[in-house]
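Enquirer: Attaching a predicted model along with its sequence, questions to come.
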Amino acid sequence: MAGLVRGNRYTPFAAILLFGIVWEIAVRVSGINALLMPPPSAVLVRLVDMLGPGRGATPDFLLLRHIGMTLLALLIGFFLAALVSSAVGLIMGMNRAVYAWLNPIISMFMVIPNIAFVPVIILWMGLGLETVIVVVITGSCFPIIYTAAAGVQSVPQRMIWAAQTAGASRRQILTTVLLGATMPYLIAGHKLALGRAWRAVIAGEIFASTTYGVGFMIFDARTFLDSEAMFVGLIVVGLIGVTLERVLFGFVERRTVEKWGVSTAKDV
């Protein structure tokens with residue numbers, strides 16, 4: 001009993017199950033209109049139905065089509081943002097003049113909600129997948145730049161002096177000293193950026209998608225008062241978001257900062 005209270009590996013599943021039971025009972029007992037708040041049992045049935053063959057004009061595997069389009073936009077946008085933003089952040093951290101000029105701009109754009117960029121991007125590019133990808137880029141690039149620059153600036157100068165004394169070249173200092181010491185910051189920045197990118201792709205699809213995407217599915221279901229499909233979309237958004245953060249970056253952290261012994265986690 002004490003172990004259950006403290007939590008173990010089954011606690012997340014038990015918590016979700018308990019939440020679903022409470023939700024089901026609350027809807028059944030309170031008499032809430034199922035059109036506004038469907039019970040989780042109905043939502044799960046609809047989820048399974050959307051994973052299977054279509055009926056009538058509904059395409060086969062409709063939910064998988066929506067998920068596939070969302071992941072495509074997310075991965076393209078996040079990869080481009082990570083590639084360029086990491087380089088910009090490292091340069092900012094290594095060059096004081098570049099940092100002095102770019103830091104105010106980065107700080108200003110970081111605090112602007114990403115959804116505020118969506119109407120402007122639609123005005124420039126119209127509707128479609130390309131617009132959603134740009135929304136993802138704008139939503140994820142600034143945290144990466146900021147944390148990469150902060151990571152380089154946190155490297156003690158004595159580490160660089162020691163490498164220079166040992167005869168390391170400028171390139172070797174960059175690849176072995178700076179990148180190694182900055183890796184925890186880069187991982188943290190990319191994790192933060194991925195969360196923002198996931199929210200950005202859903203917001204972008206709500207406003208800019210015309211065919212497929214989980215965000216488009218949620219907004220399209222609202223048009224037809226299909227609350228079950230809307231809740232299916234919300235569940236999918238939550239599950240994929242948690243999976244991307246836990247599985248993807250859990251693997252990256254095990255292969256980098258934990259393996260190299262530079263993890264910042266502490267047992268107190």
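Expert: Yep, it's here.

Enquirer: Please look at Arg46 and Met230 and confirm they touch.
Expert: No - using Cβ atoms under 8 Å, Arg46 is not in contact with Met230, being 9.9 Å away. C-beta: built from backbone N, CA, C; applies to glycine.

Enquirer: Just the helices from the stretch 51-200 of the chain, written as ranges.
Expert: Remark: helices assigned in the stretch 51-200 of the chain by DSSP state H, counting those that start in this stretch are 62-94, 96-110, 118-125, 129-153, 157-165, 170-172, 179-208.

Enquirer: Report the mean confidence score over stretch 128-143.
Expert: Regarding stretch 128-143, the rounded mean pLDDT is 92.

Enquirer: Same question for stretch 198-217.
Expert: 90.

Enquirer: residues in contact with Leu64?
Expert: Leu51 (Cβ atoms under 8 Å, 6 or more residues apart in numbering).

Enquirer: ok, now the one 10 residues further on?
Expert: When contacts are counted by Cβ under 8 Å, 6+ apart, Leu74 is found next to Val136, Ala197, Trp198, Val201.

Enquirer: Columns neighbour count and distance to Ala15 on top of those, output as TSV?
Expert: Shown next, in TSV, are these (neighbours: other Cβ atoms under 10 Å; distance: Cβ to Cβ, whole Å):
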residue	neighbour count	distance to Ala15
Val136	30	30
Ala197	30	26
Trp198	22	21
Val201	32	27
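
Enquirer: so which of these comes closest to Phe19?
Expert: Trp198 (21.1 Å; Cβ to Cβ).

Enquirer: Was I right to think the closest one contacts Leu239?
Expert: No - assessed by Cβ under 8 Å, Trp198 is found out of contact with Leu239, at 11.4 Å.

Enquirer: circling back: can you list the contacts of Leu74 in JSON lines and add distance to Ser154?
Expert: Below are the contacts of Leu74 laid out as JSON lines (distance: Cβ to Cβ, whole Å):
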{"residue": "Val136", "distance to Ser154": "28"}
{"residue": "Ala197", "distance to Ser154": "24"}
{"residue": "Trp198", "distance to Ser154": "27"}
{"residue": "Val201", "distance to Ser154": "31"}
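
Enquirer: Now tabulate the helices of the stretch 51-200 of the chain in TSV and tack on distance to Gly31.
Expert: Rendered in TSV, the data for the helices of the stretch 51-200 of the chain read as follows (distance: least, Cβ to Cβ, whole Å):
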stretch	distance to Gly31
helix 62-94	29
helix 96-110	46
helix 118-125	38
helix 129-153	39
helix 157-165	66
helix 170-172	70
helix 179-208	31
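
Enquirer: so which of the ones you listed comes closest to Phe224?
Expert: For Phe224, the closest of the helices of the stretch 51-200 of the chain is helix 62-94, at 13.7 Å, according to Cβ to Cβ.

Enquirer: Any buried residues in that closest one, and which?
Expert: Using 16 or more other Cβ atoms under 10 Å as the test for burial, helix 62-94 gives 62-63, 65-67, 69-70, 72-74, 76-78, 80-82, 85-86, 88-94.

Enquirer: what do you get for stretch 98-107?
Expert: Tyr99, Leu102, Ile106.

Enquirer: Stretch 126-141 now?
Expert: In terms of neighbour count (16+ other Cβ under 10 Å), stretch 126-141 has its buried residues at Leu129, Thr131, Val132, Ile133, Val134, Val135, Val136, Ile137, Thr138, Gly139, Ser140, Cys141.

Enquirer: separation between the first one and Ile206?
Expert: What that stands for is Leu129. Distance of Leu129 to Ile206, computed by Cβ to Cβ, to the nearest Å: 14 Å.

Enquirer: quick one: low-confidence ranges for the protein?
Expert: Counting by pLDDT under 70, the chain shows low-confidence ranges at 1-9, 54, 56-57, 168-169, 172-173, 175, 248-268.

Enquirer: what residues are up against the residue of it most remote from its centre?
Expert: Most distant from the centre of the chain: Thr165, at 41.3 Å, with distances by Cα atoms, centre = their mean. Going by Cβ under 8 Å, 6+ apart, Thr165 touches no other residue.
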